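> Fold the stuff below for me.
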Amino acid sequence: MTSPIAPASAGTSTRPYLIRALHDWCTDNGFTPYIAVFVDEQVQVPKEYVKNNEIVLNVGFEATSALKLGNELIEFKARFGGTSREIAVPIDHVIAIYARENGQGMAFPMPAETTSSDPAEGGKADAPGPSSRGPRLAGSAAGASRKGGTALTLSPAPGLPKPAPIEPPAEPPPPSPPPGPKRPSLKRVK
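Numbering: from 1, shown residues only. You can find the predicted model right below:
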């Protein structure tokens, strides 16, 4: 009689392999690969560019040097505001990888530890982090949703509804003319 497979022997995470595959796909098709990253103390990125504990990074070969897409860490050097910075992102902090041009890619679950127990950091114990709703991605990726533990593609599969595109805010209507005396009109005399 065989025993069931223990979860520990289920193998390594598929996330680094999927990230590398989608990075290759973007590169092969002339797209710019972007990663959305959940930022906490384990992530080494320029903090001045982080919004709502998230940052979106261009990981294309043109924007990086010494890019290493490893099984545990993504490392590279990139320029921010003209200054070269070293970037280090743990694989489990990558919450999406997608093509900038069309939004196609894949979203991943948030890291297991997205809460802060230190009130000085603005968090409460057992409260979801500000980014628990997922990354704010540009283009068609914005409508992507996540379900626990599974990665979802950001482009719709056949039979699924298309993600809602982000629309820019509506332009305010032009100002109406100031109230006052009516302008004189001209009459043509023959």
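> ok, what's across the strand from Tyr34?
Beta-bridge partners recorded for Tyr34 (DSSP bridges): Asn58, Tyr98.
> got a list of what it touches?
Counting by Cβ atoms under 8 Å, 6 or more residues apart in numbering, Tyr34 touches Val56, Leu57, Asn58, Val59, Ile97, Tyr98, Ala99, Arg100, Gly105. Where you see a C-beta, it was placed from the backbone N, CA and C, and this is true even at glycine.
> could you redo the last one with a cut-off of 7 Å?
Tyr34 sits next to Val56, Leu57, Asn58, Val59, Tyr98, Arg100 when contact means Cβ atoms under 7 Å, 6 or more residues apart in numbering.
> Report the buried members of the residues you listed.
Neighbour counting by 16 or more other Cβ atoms under 10 Å classes Val56, Leu57, Val59, Tyr98, Arg100 among these as buried.
> And the residues you listed, which is closest to Pro46?
When the buried ones among the contacts of Tyr34 are ranked by distance to Pro46 (Cβ to Cβ), Leu57 comes first, at 10.0 Å.
> Verify the contact between that closest one and Ile35 for me.
Yes - with contacts counted by Cβ atoms under 7 Å, Leu57 reaches Ile35, the gap being 5.3 Å.
> Can you get me a residue count around the nearest residue to Val94 once chain neighbours are set aside?
The shortest distance from Val94 to any residue other than its chain neighbours is 5.2 Å, reached at Ile35 (Cβ to Cβ, 6 or more residues apart in numbering). Residues lying near Ile35 (other Cβ atoms under 10 Å) number 24.
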